[in-house]
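Engineer: Turn this into a model:
(2 chains)
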Amino acid sequence: MSSQTEDSAAPRPARAGSPRSRLARVALQAALRLDEVGCGLAGRGRVWATVDAGELLPGVVAAARPDGRFDLELHLVAQWPVGSLDELADRARVDVQREARRTGLEDVLGAVAIAFEDVRELGASGEGTG
Amino acid sequence: MVLLLRALARLVTFLLLVALALAGLATAVFSLGSGSGDFSLPGLAQLVHLPDLRDQVGTLLSSVEASGSPAAVTALASTGAVVLALLLLAGALWPRRERLVVLERASEGTLSSRRRALSRMAAALVEQTRGVTAVKVRVLPARRRGGRLLVRAYHSRAQQPQELRDRTRQALEPLTAPLPLRARVRPRLGTRGRRVE
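Structural biologist: Residues are numbered from 1 along each chain as shown, chains lettered A, B, ... in the order given. Below is the predicted model:
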């Protein structure tokens, strides 16, 4: 038992994520940089989450396509005040594409679906921001 | 109503499955024995009084064949059983209301939103409307794309309902103009205690 505790307390070696999980991380981080996006939502049973390098990223799912790309689903909580949901989604999509290009993951990026799961006031507690 | 039927269907399904499992278990255990002793399938039939039940059903069927009160009661009970079965089927098969409103489908991806997020946004927009004292919003998703916002805007006696309706529609434009959402606004005279928080 004590050895398990020691293992979990020790710093974990960095694990390289797969292109799928790295793309998920890049996309979530790009979306969360927007002021009107509060956090990602993992959902009931954490079905909308991806593990990258041993870390759980709530609110993003990457699914492989037959052509080798990955379709992304972002499950986000918007932060009030929100101007327009479609503009916000467009901006998030553009940012995700730009970040994917910057990190060399553009070739594996497929469609980006965005679902706004909730709207919260500024300062309200969220379910993990990834 | 549908929620109640769904819960009833689940309960009945669970109870029936438990009964089926118990019956299967009893049959399996009693089939280990052989002959016509207590620990055998004929013994199990005796234990649950199947011969008595057969006699009773036989008596019932012969009385149903004749005209009179038992026939009427049986017909009534059968009709009730059919209605109950139809209600349970409705509870089990009635499609759940979709909680996700699909707002946009494109090759780049879809844009969707939970009903709760849209109703909160709509309520926040309407609450800023002059003359509105409280608001209730329901979101009804369409089958394929978009949906309807049913907005109940409460107001004081000093407000004209038509003007309030126009102002509320205008307040909802950030949602309804760019997205496939239609708003139906119903002004209501506010009661004591209804205030925008």
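
Engineer: what residue ranges in chain A score low on pLDDT?
Structural biologist: For chain A, the stretches flagged by pLDDT under 70 are A:1-16, A:123-130.

Engineer: Report the central residue of it.
Structural biologist: residue A:28 (2.8 Å; CA atoms, centre = their mean).

Engineer: Name the nearest residue to that one, ignoring sequence neighbours.
Structural biologist: Excluding the flanking residues, the one nearest residue A:28 by CB to CB, 6 or more residues apart in numbering or on different chains is residue A:60, at 4.3 Å. Backbone N, C-alpha and C define where each C-beta goes, glycine included.

Engineer: give me the number of residues near that neighbour?
Structural biologist: 29 (other CB atoms under 10 Å in any protein chain shown).

Engineer: what sits against it?
Structural biologist: For residue A:60, the contacting residues are A:24-25, A:27-28, A:40, A:48-50, A:72-75, A:130, by CB atoms under 8 Å, 6 or more residues apart in numbering or on different chains.

Engineer: Roughly how far does the closest residue to residue B:116 other than its chain neighbours sit from residue B:51?
Structural biologist: Excluding the flanking residues, the one nearest residue B:116 by CB to CB, 6+ apart is residue A:118, at 6.1 Å. In this view, residue A:118 and residue B:51 are 63 Å apart by CB to CB, to the nearest Å.

Engineer: Between the two, which has more neighbouring residues?
Structural biologist: Just comparing residue A:118 and residue B:51: by other CB under 10 Å the higher neighbour count belongs to residue A:118, 20 against 11.

Engineer: gap between the more buried one and residue B:176?
Structural biologist: Taking CB to CB, one finds residue A:118 at 20 Å from residue B:176.

Engineer: What strand or helix carries residue 26?
Structural biologist: Just so you know, I chose chain A. Element membership of residue A:26, judged by DSSP states H and E, is helix A:19-32.

Engineer: Chain B is the one I meant
Structural biologist: Applying DSSP H and E, one finds residue B:26 within helix B:2-30.

Engineer: which other helices and strands contact that helix?
Structural biologist: helix B:41-47, helix B:69-93 (3 or more CB pairs under 8 Å, 6 or more residues apart in numbering or on different chains; DSSP states H and E).

Engineer: Who are the packing partners of the last one?
Structural biologist: Right, the one you point to is helix B:69-93. Counting by 3+ CB pairs under 8 Å, 6+ apart, helix B:69-93 packs on helix B:2-30, helix B:50-65.

Engineer: Using JSON lines, lay out the ones you listed together with mean pLDDT and distance to residue A:88.
Structural biologist: Shown next, in JSON lines, are the helices and strands packed on helix B:69-93 (pLDDT from 0 to 100; distance: least, CB to CB, whole Å):
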{"stretch": "helix B:2-30", "mean pLDDT": "88", "distance to residue A:88": "33"}
{"stretch": "helix B:50-65", "mean pLDDT": "85", "distance to residue A:88": "67"}
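
Engineer: isn't the residue nearest to residue B:116 right up against residue B:119?
Structural biologist: No: taking contacts as CB atoms under 8 Å, residue A:118 lies outside contact range of residue B:119: 10.5 Å.

Engineer: ok, back up a step: what's near enough to touch the residue nearest to the centre of chain A?
Structural biologist: Residue A:28 neighbours (CB under 8 Å, 6+ apart): A:40, A:57, A:59, A:60, A:74, A:130.

Engineer: so how far is chain B from the third one?
Structural biologist: Think residue A:59. For residue A:59, the distance to chain B equals 13 Å [CB to the nearest CB, to the nearest Å].

Engineer: What number of residues are in the vicinity of that residue?
Structural biologist: Neighbours of residue A:59 (other CB under 10 Å): 30.
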